[in-house]
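Asker: Here's a sequence, model it:
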Amino acid sequence: MALLSLRSVLVAHGSSLDQLRRDRNFSRPASALALAQMTGSFCGFPDPPNGIGSRPASYTLKDHRRKSSLTWIVGSSLPGLSLGQAAVLASATWQRAVTGLNLNQVQSGSADITIVFANLQANKLGNTLPDGTLVQVSSTAPWVQQNPTPFGSVSLLATVTHELGHALGLLHSTSDGSVMNPLGTNVETLTPDDVNGIKAIYGWEGQRPLPDRGTDRGPALCACGTVLAMAWKGIGNDHRIFFATSADGLNWSPQQIVTGVGTDDSPSLAWDGAQLWMAWKGDPGDSGLFYATTTDPRVWPDNPGQRIPNVGSSRGPSIAMTPTPMLAWKGVAGDSGIYFSVFNALTGVWPAPSQPIGGIGTSDRPALITDVTGQPLLVWKGIDGDSNLFWSTLTGIFWQPQQPVSLDRAWECWSRYGGGGFPWVPVWARSRHGRQQGDSCVARRQR
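Answerer: Model (predicted):
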């Protein structure tokens, strides 16, 4: 029976292993590996309250590490096994996945990560503390150094690689066959899911300013096939919209002006596979919303703006492909409601909503994307005085009831105090409140 099926059976029996044995006539496992397979997880690292992973990503992140150079030390040994060799190979595996991550062994003194053998629960092969400072592997498991593994044994390298992933900031994955999936064993090779996870934490280079351009609002960025497009508002009383493109994210074209249009907030960009769409709010005093399209992200026609009738906002809108173009925006001044509209390709118009989305509100622009399941996903800050984040997905024609998103502070408390009751933070929901003041330079961060 597959591990996932066993786990499903276990859930159906109220998570009672003894009851499962009686009902299914299983014999008592003779090893930590067999018991880990029976219970569905070989790792003692605590999962989110509602299960492994966190919607909508197949992996989740702790992201508590802020430096890219970390040290590790091996604190114990067992006859016939080299924990140090396993740690060297595991470190090299994670380092190859992302440029700029450096994991260095020290022979004595303190280190960022300590790796030891320890007496763990009978069904656990490994465990990592929530703050990532201590990696423990079972001192009683039927280890072999690495694959291939004889029947009934388990790869020390695979478990150390998994636990080191936790120490670096990764939570468990739901992706089949990944190193960070706790429902399988003896996986020593990273999958794309593992690589994407570690890159999400350590894959960013330091910011590089573009000194010949600036904005007092955040720029919009969009991947248009092989071209990256960026658009932004000018500084202060300069309400023009500027744009530039890049083929590699490092070298950007000179800034150009989208003639005949203006805004007092950030524009928004989205690519439908054939056209680049831009949406924006009007100049100061004009709460109207506008949109434009171009088939060449490197060229915008003169005076491209088309007003969307009968709608308005005190903030800029967000646009996304769902796969049809969709807009979401906050109401005009004094109206905290959130509205949305889906472009009608047959009529070429944006239908004006008669009512805001029920039961929700914001004091700023909502964020709109299509999540990995293909559903429109809306994330927004609360109304004035409410700094919480909320999210909802569109099912059919109805937005589901809003759900709160836990804040970074909750994760910091969870990580520091061992997970006692704090919500978990999905990677897509991490946020910083407000904007950095006094810096109008447009900057980029390159993966």
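
Asker: got the residue ranges for the strands in the stretch 51-200 of the chain?
Answerer: 59-61, 69-74, 102-105, 113-118, 126-128, 134-138, 143-144, 154-155, 170-173 (DSSP state E, counting those that start in this stretch).

Asker: so how far is the second one off the chain centroid?
Answerer: Put plainly, it is strand 69-74. Distance of strand 69-74 from the chain centroid (Cα atoms, centre = their mean, to the nearest Å) equals 26 Å.

Asker: One more: the fifth one?
Answerer: Remark: strand 126-128 is offset 23 Å from the chain centroid, using Cα atoms, centre = their mean.

Asker: Can you name every helix or strand that that strand contacts?
Answerer: Where contact means 3 or more Cβ pairs under 8 Å, 6 or more residues apart in numbering; DSSP states H and E, strand 126-128 is packed against strand 134-138, helix 156-168. All C-beta atoms are positioned from the backbone trio N, CA, C, and that covers glycine.

Asker: Could I get the ones you listed in TSV, plus columns for distance to Leu327 and mean neighbour count?
Answerer: Output for the helices and strands packed on strand 126-128, formatted as TSV (distance: least, Cβ to Cβ, whole Å; neighbours: other Cβ atoms under 10 Å):
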stretch	distance to Leu327	mean neighbour count
strand 134-138	47	24
helix 156-168	38	27
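
Asker: would you list the ones you listed in CSV and tack on distance to Lys330 and mean pLDDT?
Answerer: Below are those laid out as CSV (distance: least, Cβ to Cβ, whole Å; pLDDT from 0 to 100):
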stretch, distance to Lys330, mean pLDDT
strand 134-138, 46, 96
helix 156-168, 38, 95
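
Asker: who does Thr114 bridge with?
Answerer: Beta-bridge pairing for Thr114 (DSSP bridges): Ile73, Leu134.

Asker: How about the contacts made by it?
Answerer: Trp72, Ile73, Gly75, Thr133, Leu134, Val135 (Cβ atoms under 8 Å, 6 or more residues apart in numbering).

Asker: Out of the residues you listed, the closest to Cys43 would be?
Answerer: Of all the contacts of Thr114, Cys43 sits closest to Val135, with 10.9 Å by Cβ to Cβ.

Asker: on that earlier part again, compare the helices and strands packed on strand 126-128 and give me the one nearest Pro366.
Answerer: The nearest among the helices and strands packed on strand 126-128, by Cβ to Cβ, is helix 156-168 at 32.3 Å.

Asker: buried ones in the lengthiest helix in the chain?
Answerer: Criterion DSSP state H: the longest helix present in the chain is helix 83-97. The neighbour-count check on helix 83-97 (16 or more other Cβ atoms under 10 Å) flags Leu83, Gly84, Ala86, Ala87, Val88, Leu89, Ala90, Ser91, Thr93, Trp94, Gln95, Ala97 as buried.

Asker: what's it packed up against?
Answerer: So helix 83-97, by 3+ Cβ pairs under 8 Å, 6+ apart, packs with strand 69-74, strand 102-105, strand 113-118, helix 156-168, helix 192-202.

Asker: sorry, back to before: okay, the contacts of Thr114 in CSV with distance to Ser246 next?
Answerer: Below are these laid out as CSV (distance: Cβ to Cβ, whole Å):
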residue, distance to Ser246
Trp72, 37
Ile73, 42
Gly75, 47
Thr133, 39
Leu134, 43
Val135, 40
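
Asker: any idea which of those residues is closest to Gln355?
Answerer: Among the contacts of Thr114, Thr133 lies closest to Gln355 (Cβ to Cβ), at 51.4 Å.

Asker: thought the closest one was touching Ser110?
Answerer: No: contact criterion Cβ atoms under 8 Å: Thr133 and Ser110 do not qualify, at 9.9 Å.

Asker: Name the residue in the two with the higher neighbour count.
Answerer: Set side by side, Thr133 and Ser110 show more neighbours around Thr133, with 13 against 9, by other Cβ atoms under 10 Å.

Asker: quick one: least confident helix or strand in this structure?
Answerer: When the helices and strands of the chain are scored by mean pLDDT, DSSP states H and E, helix 3-12 comes last with a mean of 32.

Asker: List the contacts of His135.
Answerer: No, residue 135 isn't His; it's Val. Val135 neighbours (Cβ under 8 Å, 6+ apart): Ile113, Thr114, Ile115, Val116, Gly126, Asn127, Thr128, Val160, Glu163, Leu164, His166, Ala167.

Asker: from what I can see the first one touches Glu163, true?
Answerer: Pointing back at Ile113 there. No: Ile113 lies out of contact with Glu163 (Cβ under 8 Å); the separation is 9.6 Å.

Asker: so Asp384 sits right up against Ser336, yeah?
Answerer: Yes: Asp384 lies in contact with Ser336 (Cβ under 8 Å); the separation is 7.3 Å.

Asker: Which of those two has more residues huddled nearby?
Answerer: Set Asp384 next to Ser336 and count neighbours by other Cβ under 10 Å: Ser336 wins out with 18 against 11.

Asker: For the closest residue to that one other than its chain neighbours, give me phi and psi.
Answerer: Sequence neighbours aside, Gly361 is the residue nearest to Ser336 in space, at 3.7 Å (criterion: Cβ to Cβ, 6 or more residues apart in numbering). For Gly361, the backbone dihedrals (degrees, to the nearest 10) come out as phi -160, psi 160.

Asker: Please tell me how far Gly361 sits from Asp335.
Answerer: 9 Å (Cβ to Cβ, to the nearest Å).

Asker: same question, Trp94
Answerer: On the measure of Cβ to Cβ, Trp94 and Asp335 end up 49 Å apart.

Asker: Please render the helices and strands packed on strand 126-128 as a markdown table that adds distance to Gln402 to the earlier fields.
Answerer: A markdown table is the format used below for the helices and strands packed on strand 126-128 (distance: least, Cβ to Cβ, whole Å):
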| stretch | distance to Gln402 |
| --- | --- |
| strand 134-138 | 38 |
| helix 156-168 | 31 |
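
Asker: Ser175 is nearest to which of these?
Answerer: Smallest distance to Ser175 across the helices and strands packed on strand 126-128 (Cβ to Cβ): 12.5 Å, for helix 156-168.

Asker: Low-confidence ranges, the chain, go.
Answerer: Confidence mapping of the chain against pLDDT under 70 gives the ranges 1-40, 47-66, 406-447.
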